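A.B. asks: build me a model from this:
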Amino acid sequence: MKKIVQILKKSLLPIIIVIALLFLQAACDLALPDYTSKIINIGIQQNGIEKNIYEVIRKSEMDKLLIFTDKDEEILNNYKLITNKDTSYLDKYPLLEKENLYILKNDTKLKEELKTPMLMIYFFTNKNMNSKILKEMSISAESDIFEILKNMPYDNILTLEENITQKTSELTPTMINQMTINLIKDEYKTIGLKTESIQINYIASLGIKMLLLSLLIMVITITTTYLSSKIGASFSKDLRSKVVNKVMSYSNKEFESLSTSSLITRSTNDITQIQTLLTTILRIVIYAPILGFGALSKVSNSPLEWIIGVAVLTILSLVIILFSVALPKFKKLQKLVDKINLIAREILTGLPVIRAFATEKHEEKKFDEANKDLTKTNLFVNRLMVFMMPAMMFIMYAVEILIVWVGSKYVDLGNVQVGDLFAFISYTMQIIMSFLMIAMVSIILPRAWVSVKRISEVFNKDTSVKDSLKPIKFKNNIDTTVEFKDVYFRYPDALEDVLENISFKATKGTTTAFIGSTGSGKSTLINLIPRFYDVTGGKVLINNVDIKNLSLKSLRSKIGFVPQNGILFSGTIESNIMFGKKLTPEELKKVSKIAQADKFIEEKEDKYKAIISQGGTNVSGGQKQRLAIARAIAFNPKIYVFDDSFSALDYKTDSNLRKMLKKEMKDSIIFIVAQRINTILNADQIIVLDEGKIVGIGNHRELLNNCKVYKEIALSQLSKEELNNE
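C.D. replies: Okay, here's the model as predicted:
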């Protein structure tokens, strides 16, 4: 897990930019419902009149307002008096020719100061409301009420205000606000202002702002999508490189514990799952809570907020149930992907054998069973997640209906405005959508989390064969010697040793051959030289230095290893021979001639540029072995290791190859594992293995006389006459 986090640190700056952009996008998204609410509440219901105080008012009307307050000076300080002498205002206010006007300068504290006076004016100018008050005051309806009030003592005015305030105590703030707006609207019409223009301008300005916000959201969405995709792709590339580098450091022990097919799945499918999760986290998981909590803060004081609580609890319950059912299936899914990859790989690599034994139907059935298991699990998970989306949508629309049903009653009572109800619906949908987005992530998260664990397993698996803390470099200036000293080896989790008490020494210019029955430990023994495995007892020494103390790079750079199956890589003949070292054209031809590969190469139309398919499937077994041998010779090592690398060669080619090796590699140590006696007849020393032990060591003639096992192998391949001739 630490490795994955370390790789992610490289993209820290782009991640911070994405998060900052997501906050900006959320702010824009959260602003849109507010604008919608204002368009309905102010633009439509209030004719675009945003402030519930007069921006312009006749002097006569201002005098009426001042009757109901003792803060005349404070109020008038916020207004500018204009008369018909100030002709600059005539175009805007034609009524100025007949009446003086007050224009608003500052409204910092004016709203509260004018609230009660405006309410009083509304009551005394509304016939339906003032008739009862006039009767109580014994004033005729035809009388100028404001002239009477102007001459009334202020204490009486206060008593009147208290009386009216008591009568209006049941009115909601929304109703009172609407009364004052209607008063302002009537005043504007009297002055000659075009309230229709005010309304159109207000709605148009908000509409333009909403359009600009939408464009900004679009730009942010494109940018964050691009950046998150780039971060995901870069992370995936780096993680894949780290995984491959880690796998490259594995010894055979680790390869056996994690199968090849599983490692391929982990390097491809699992990393893709993590990449998808990372991109989703950057685009959804981070954004959803920002949007959700932002929307929640907007509706926290609403009388309808309990509906959101019900919706959130319902969604969380659904997600938790689905998640608990899906997680075990996602774990199983990745194992089934491993299994189908393994079977597919076996079928494709073993196709010639399958055809030869006419077992196509059996292999098809085996693949079909694995394919069906994978399909069933995939279908189960997909059906589960397909059910989730309609369920979420049902919850969302059910909540919307509930809000409209409950909210309409609040609107009717005057506790909530229509615009606020629309905004509440929008914010609620944003909250639900944020949970919906997180629920969508729950589809990806379980499978991706399994993938994270599988990748972490690759990183956490410690390499059993590794450099010492202070590795020694291979010395070139001394004659090379290889010595096995009381070597024991046991495979991981095995109960018995494969090799026991192996001791021998090989010096510069000598050939050491290994022979024995199948399973005697020949290949295991030579795999200890390049440290594909580490000995479990004893030592392997090169130049009297334990190879565990040599750096792996230094050790393996001096060994030309040719494996049993002669692995080739996709490319050309030239690229395969020069796999470990660049050669001049002359050197290339020379190593090909030594490996007895020059003839068949020259016969090809493109010669050294001829294409080699993956695994060398377009060349014969013998050609493959000769190219693998040429690759080892081109490396020009101090030590050659041939693991039964001449088995596909005919006797003539085998003989010529060994002669060339003896001639050209006289300064190197050669190790040969062979099944054929002919291949090792001229070796300087032959080591005979039987059940992991050395049962004979010497040259061909000595072993024939002294080693029963060697003699049995020799007689099983050659007649007595042929052995005597040899």
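A.B. asks: next one: stretch 684-693 to chain centre, how far?
C.D. replies: Put simply, stretch 684-693 sits 54 Å off its chain's centre (C-alpha atoms, centre = their mean, to the nearest Å).
A.B. asks: buried residues, it. List them.
C.D. replies: Residues of stretch 684-693 classed as buried: 684-692 (neighbour count, 16 or more other C-beta atoms under 10 Å). For the C-beta atoms, the positions are set from N, CA and C on the backbone; glycine is no exception.
A.B. asks: so, low pLDDT: which residues of the stretch 401-550 of the chain?
C.D. replies: Scanning the stretch 401-550 of the chain for pLDDT under 70 picks out the ranges 414, 442-443, 476-478.
A.B. asks: could you dump the buried residues of stretch 684-693 into a markdown table with pLDDT, secondary structure and distance to I203 added?
C.D. replies: Formatted as a markdown table, those follow (pLDDT from 0 to 100; DSSP: H, G, I helix; E, B strand; the rest coil; distance: C-beta to C-beta, whole Å):
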| residue | pLDDT | secondary structure | distance to I203 |
| --- | --- | --- | --- |
| D684 | 87 | coil | 101 |
| Q685 | 91 | strand | 100 |
| I686 | 91 | strand | 100 |
| I687 | 91 | strand | 97 |
| V688 | 90 | strand | 100 |
| L689 | 90 | strand | 95 |
| D690 | 87 | strand | 98 |
| E691 | 86 | coil | 95 |
| G692 | 87 | coil | 92 |
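A.B. asks: can you add distance to I633 and give those residues back as JSON lines?
C.D. replies: Output for the buried residues of stretch 684-693, formatted as JSON lines (distance: C-beta to C-beta, whole Å):
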{"residue": "D684", "distance to I633": "19"}
{"residue": "Q685", "distance to I633": "22"}
{"residue": "I686", "distance to I633": "22"}
{"residue": "I687", "distance to I633": "23"}
{"residue": "V688", "distance to I633": "27"}
{"residue": "L689", "distance to I633": "26"}
{"residue": "D690", "distance to I633": "31"}
{"residue": "E691", "distance to I633": "33"}
{"residue": "G692", "distance to I633": "31"}
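A.B. asks: just give me the closest of the residues you listed to D598.
C.D. replies: For those, the closest approach to D598 (C-beta to C-beta) belongs to D684, at 27.3 Å.
A.B. asks: thought that closest one was touching F504?
C.D. replies: No - between D684 and F504 there is no contact under C-beta atoms under 8 Å: 11.4 Å.
A.B. asks: quick check: neighbours shared by these two?
C.D. replies: T512 (C-beta atoms under 8 Å, 6 or more residues apart in numbering).
A.B. asks: returning to that earlier point: now the two most distant members of the buried residues of stretch 684-693.
C.D. replies: Longest span within the buried residues of stretch 684-693, C-beta to C-beta: D684 and E691, 24.8 Å.
A.B. asks: which residues of the stretch 1-150 of the chain fall in strands?
C.D. replies: Ranges of strands in the stretch 1-150 of the chain, per DSSP state E, counting those that start in this stretch, are 56-58, 79-82, 101-104.
A.B. asks: please work out which of those strands is packed deepest.
C.D. replies: strand 56-58 (a mean of 21; mean count of other C-beta atoms under 10 Å).
A.B. asks: could you give the mean pLDDT of that strand?
C.D. replies: The average pLDDT for strand 56-58 rounds to 87.
A.B. asks: who are the packing partners of it?
C.D. replies: With contacts defined as 3 or more C-beta pairs under 8 Å, 6 or more residues apart in numbering; DSSP states H and E, strand 56-58 has these neighbours: strand 101-104, helix 173-191.
A.B. asks: ok now it, how far from the chain's centre?
C.D. replies: Per C-alpha atoms, centre = their mean, the centroid offset for strand 56-58 relative to its chain is 63 Å.
A.B. asks: hmm, back to that, adding distance to K376, write the helices and strands packed on strand 56-58 out as TSV.
C.D. replies: As requested, the helices and strands packed on strand 56-58 are exported to TSV (distance: least, C-beta to C-beta, whole Å):
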stretch	distance to K376
strand 101-104	74
helix 173-191	59
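A.B. asks: out of those, deepest packed?
C.D. replies: Greatest burial across the helices and strands packed on strand 56-58, using mean count of other C-beta under 10 Å, falls to strand 101-104, with a mean of 19.
A.B. asks: just list the residues touching V285, thanks.
C.D. replies: Contacts of V285 by C-beta under 8 Å, 6+ apart are 437-438, 441.
A.B. asks: let's have these in JSON lines, adding secondary structure.
C.D. replies: JSON lines is the format used below for these (DSSP: H, G, I helix; E, B strand; the rest coil):
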{"residue": "M437", "secondary structure": "helix"}
{"residue": "I438", "secondary structure": "helix"}
{"residue": "V441", "secondary structure": "helix"}
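A.B. asks: out of the residues you listed, which is nearest to P585?
C.D. replies: Once C-beta to C-beta is applied, the member of the contacts of V285 that ends up nearest P585 is V441, at 57.9 Å.
A.B. asks: what is the neighbour count of the closest one?
C.D. replies: V441 has 17 neighbouring residues, counting by other C-beta atoms under 10 Å.
A.B. asks: domain assignment for the chain?
C.D. replies: 56-202, 249-460, 559-636 (automatic domain parsing).
A.B. asks: determine how far the last residue of the second one lies from the first.
C.D. replies: Read that as domain 249-460. 13 Å (C-alpha to C-alpha, to the nearest Å).
A.B. asks: now it: how far from the chain's centre is it?
C.D. replies: Mean C-alpha position of domain 249-460 versus that of the full chain (C-alpha atoms, centre = their mean) differs by 13 Å.
A.B. asks: for the strand or helix carrying P328, name the packing helices and strands.
C.D. replies: Using DSSP states H and E, P328 sits in helix 305-349. For helix 305-349, the helices and strands in contact under the criterion 3+ C-beta pairs under 8 Å, 6+ apart are helix 260-265, helix 360-413, helix 418-460.
A.B. asks: I594 touches L661, doesn't it?
C.D. replies: Yes - when contacts are counted by C-beta under 8 Å, I594 is listed as touching L661 (7.0 Å).
A.B. asks: burial count for the residue nearest to S426 when sequence neighbours are not counted?
C.D. replies: Setting aside the residues directly before and after it, S426 is nearest to P33 in space (C-beta to C-beta, 6 or more residues apart in numbering), at 3.6 Å. Applying other C-beta under 10 Å, we find 23 residues neighbouring P33.
A.B. asks: kindly report the same for E113.
C.D. replies: Counted with other C-beta under 10 Å, E113 comes out at 17.
A.B. asks: which residues sit in contact with it?
C.D. replies: 69, 71, 74-75 are the contacts of E113 under C-beta under 8 Å, 6+ apart.
A.B. asks: let's see that with 10 Å instead.
C.D. replies: Going by C-beta atoms under 10 Å, 6 or more residues apart in numbering, E113 touches 53, 65, 69, 71, 74-75, 78, 107.
A.B. asks: can you tell me how far the residue nearest to I75 when sequence neighbours are not counted is from N106?
C.D. replies: Among residues not flanking I75 along the chain, E113 sits closest, at 5.6 Å (C-beta to C-beta, 6+ apart). From E113 across to N106, the span is 12 Å (C-beta to C-beta, to the nearest Å).
A.B. asks: overlap in contacts of those two?
C.D. replies: Common neighbours of E113 and N106 (criterion: C-beta under 10 Å, 6+ apart): N78.
A.B. asks: quick one: low-confidence parts of the stretch 101-250 of the chain?
C.D. replies: 107-109, 127-144, 167-172.
A.B. asks: if we go to 90?
C.D. replies: Under the criterion pLDDT under 90, the flagged ranges of the stretch 101-250 of the chain are 101-199, 201-202, 206, 228-250.
A.B. asks: hey, where'd the helices end up in it?
C.D. replies: With helices called from DSSP state H, counting those that start in this stretch, the stretch 101-250 of the chain shows them at 110-125, 127-136, 145-150, 154-167, 173-191, 195-248.
A.B. asks: so which bits of the first one are buried?
C.D. replies: Going back to what we said before, that points to helix 110-125. Under 16+ other C-beta under 10 Å, the buried positions of helix 110-125 are 110, 113-114, 117-124.
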